[in-house]
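Participant: Provided below for reference: sequence and predicted model.
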Amino acid sequence: MEFLLNPYYMQLITFIIINAILGISIYLTLSTGQLSLGNAGFMSVGAYTSALLTLKAGVPLYAAVPLGGAAACLLAAIIGIPTTRLRGIYLAIATLGFGEVVRVIILNLKITNGALGLSSIPSMGVMLSKGIAAFGLAGGIGGISIRQLGSIAVILVLALILWFLIFFALRLSTSRLGRAFAAIKADEHAAEVSGIDTRYYKLLAFFMGAFVAGIAGGLAAHITFYIGPKDFAYHRAVEILLFAVLGGSDVVWGPIFGAVLLTVLPEVLRFATEYREMIYGAILVLMMAFRPQGLISESTLALWRAKLTRQPKIADQDGVTRRTTP
Amino acid sequence: MTLLLEQVTKQFGGLAALTDVGFTVNPGEIVGVIGPNGAGKTTLFNLITGVLAPSSGRIMYQKQSLVEFKPHKITELGIARTFQNIRLFEHLTALENVVIGAHCRMKAGLWQGIWRTATQRQEEKNFREKARELLNLVGIGEDELSLAGALPYGKQRRLEIARALASQPNLLLLDEPAAGMNESETDDLQILIKKIQELGKAVILIEHDMGLVMNSCDRLVVLNFGKKIAEGIPKIIQDHPAVIEAYLGREED
């Protein structure tokens, strides 16, 4: 127990959940076939908005984080209206450029404190442990200190948000809107002629992705207490993309799994010291060579479902397997 | 009058794909559009469905000009189409494809879908039922759970028609539905087109299979090099000198 409550593991778990939320954000945009690399930019907007609101305006944390998401969404409207006309690699480049623009702006603004970044951002753990202390548990419970209780509470809050987002994504995929998303991803022209307002739904998916990334940014800011422009640079955008590439973008579980794996892997590889990055890179190359569609696809889920319920695999009976987008 | 085209012209740069084409489609009528390859038939469909904008001329649907509308809006107004090269949502099931076709007739919004409200569930149930009826109508009812991309060619053509019908059109545009079909499949298609007409829908049929065209259509419009060269009932078109010339060339004296 003491082992699991070690702050290192606690922090790792919070990072895993935040990355999983980022995985959902890229999944939502990708579910209309739009490859947006602006999520790191939206994340930084969410993080800075939420941090500044709490630091300078005294807005309570629980209001500041959603406002950060809203700010990201607002920015998505400004850049999304021109860029969602772009397709494929052109959209990817445009959104990547957007992320860089945001980073450079943050780097040069006074209010964001430039390259030094913002520090002593109100901590979510402290806020929650104060709440717990108010219940008369200031001395901790069962040998768990109030500090640890705060960390556990943070993990619980994050898990709850992640759970809701997964629920949202799953319900969405089987609804009228989700079908429209899937149709646009499969064949945009056919979708439009089938009566789907493709521009509207592509923008909506773009907004959803931006909002979720903004929330993830706000949460990250209040967990690490420090944010700087470097945290949201180009490598961050690529990392988020990798969640989807590695995990697969067919079903919401794909990017989540990718996020978990890519957050844990560098930690697990710590023993390899200087070879760490090399092994990490090699694993990515091997994955792409042997499973380009990502680790989790529709058919993977069907297989596991069948295994768990001990029923024959439906997908294989007539040789039909779900095709996955590379 | 369901559809009215007046002096419709479409130019791609210096190339005139269609020049001053005009004809009408009456409610419940099947109009065939024939002509050699490159005559401008598919361009005509792209203009009617709003995929392309005409360079000049009027396209009226039930007394409303279609020119300024986007394709999805035109579908909502009641014009649906199929494609010459099949464009299904291949990795979705046949049933899902048809339900997507009904998108513009369904109402559930984002949050209704997330919370699965009673109205949303009822709507899903109704439209799934309607989609099954359409799959049965086109004769692939037993394939509702197959992935569209895995269906054999002839069934994919039928599925595309079912998807188009799901938007509850008054006018259905079929772009070479018999292409690549064998004789018995074409016969089945002819029966299907008649059934669609019996539902009160008008049809414009682009087709190279003359047997199908002559048997199905009430009226024919013949295009050649983007111009209408003849119009009339199949019997007259068959013997029309301009049509014979367009297809077979002029007889040397």
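Facilitator: Received it, and whenever you're ready, just let me know what you need.

Participant: okay, now the nearest residue to residue A:226 once chain neighbours are set aside: neighbour count?
Facilitator: Spatial nearest neighbour of residue A:226, excluding adjacent residues (CB to CB, 6 or more residues apart in numbering or on different chains): residue A:119 at 4.7 Å. No exception for glycine: its C-beta is placed from N, CA and C like everyone else's. A count of neighbours around residue A:119, defined by other CB atoms under 10 Å in any protein chain shown, yields 13.

Participant: surely residue A:119 meets residue A:224?
Facilitator: No. The pair residue A:119 / residue A:224 is not scored as a contact, 9.8 Å apart, by CB atoms under 8 Å.

Participant: find the helix or strand that residue 9 is a member of.
Facilitator: Looking at chain A here, since you left the chain open. Assigned by DSSP states H and E, residue A:9 belongs to helix A:7-30.

Participant: can you look at chain B instead?
Facilitator: Per DSSP H and E: residue B:9 is located in strand B:3-12.

Participant: quick one: residue A:73 and chain B, what's the gap?
Facilitator: Residue A:73 sits 14 Å away from chain B when distances are taken as CB to the nearest CB, to the nearest Å.

Participant: ditto for residue A:11
Facilitator: 32 Å.

Participant: just for the chain, where's the confidence low?
Facilitator: Since you didn't name a chain, this refers to chain A. Along chain A, segments meeting pLDDT under 70 span A:1-4, A:310-326.

Participant: nope, chain B please
Facilitator: For chain B, applying pLDDT under 70 flags the ranges B:251-253.

Participant: now do the helices in it.
Facilitator: Applying DSSP state H to chain B gives helices spanning B:41-48, B:71-77, B:94-101, B:110-115, B:118-138, B:153-166, B:183-198, B:210-216, B:234-238, B:241-248.

Participant: the residue of the stretch 151-253 of chain B found nearest chain A: what's it in contact with?
Facilitator: Relative to chain A, the nearest point of the stretch 151-253 of chain B is residue B:167 (5.0 Å; CB to the nearest CB). Going by CB atoms under 8 Å, 6 or more residues apart in numbering or on different chains, residue B:167 touches A:194-195, B:75-76, B:78, B:80, B:101-105.

Participant: now do 6 Å
Facilitator: By CB atoms under 6 Å, 6 or more residues apart in numbering or on different chains, the residues touching residue B:167 are A:195, B:75, B:80, B:101, B:104.

Participant: about what we covered before: point out the most buried one among the helices of chain B.
Facilitator: helix B:94-101 (a mean of 27; mean count of other CB atoms under 10 Å in any protein chain shown).

Participant: now what about it, what contacts it?
Facilitator: A:179, A:183, A:194, B:88-89, B:127, B:131, B:134, B:143-144, B:146, B:148, B:159, B:162-163, B:166-167.

Participant: tell me what the spatially most central residue of chain B is bridged to.
Facilitator: Nearest to the mean C-alpha position of chain B, by CA atoms, centre = their mean, lies residue B:173 at 1.7 Å. Bridge pairing for residue B:173 (DSSP bridges) gives the partners residue B:81, residue B:204.

Participant: that one is in contact with residue B:45, isn't it?
Facilitator: Yes. Judged on CB atoms under 6 Å, residue B:173 makes contact with residue B:45 at a distance of 5.2 Å.

Participant: hmm, back to that, dump the helices of chain B into a markdown table; add distance to residue A:17 as well.
Facilitator: Converted to a markdown table, the helices of chain B look like this (distance: least, CB to CB, whole Å):
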| stretch | distance to residue A:17 |
| --- | --- |
| helix B:41-48 | 48 |
| helix B:71-77 | 38 |
| helix B:94-101 | 32 |
| helix B:110-115 | 21 |
| helix B:118-138 | 30 |
| helix B:153-166 | 40 |
| helix B:183-198 | 53 |
| helix B:210-216 | 60 |
| helix B:234-238 | 68 |
| helix B:241-248 | 68 |
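
Participant: which one of these lies closest to residue A:64?
Facilitator: helix B:110-115 (24.0 Å; CB to CB).

Participant: is that closest one anywhere near chain A?
Facilitator: Yes. Using CB under 6 Å from any CB of the partner chain, we find that helix B:110-115 touches chain A at B:110, B:113-114.

Participant: which residues of chain B lie near chain A?
Facilitator: So chain B meets chain A at B:49, B:71-72, B:75-76, B:81, B:87, B:89, B:91, B:100-101, B:103-104, B:106, B:108, B:110, B:113-114, B:147, B:150, B:167 (CB under 6 Å from any CB).
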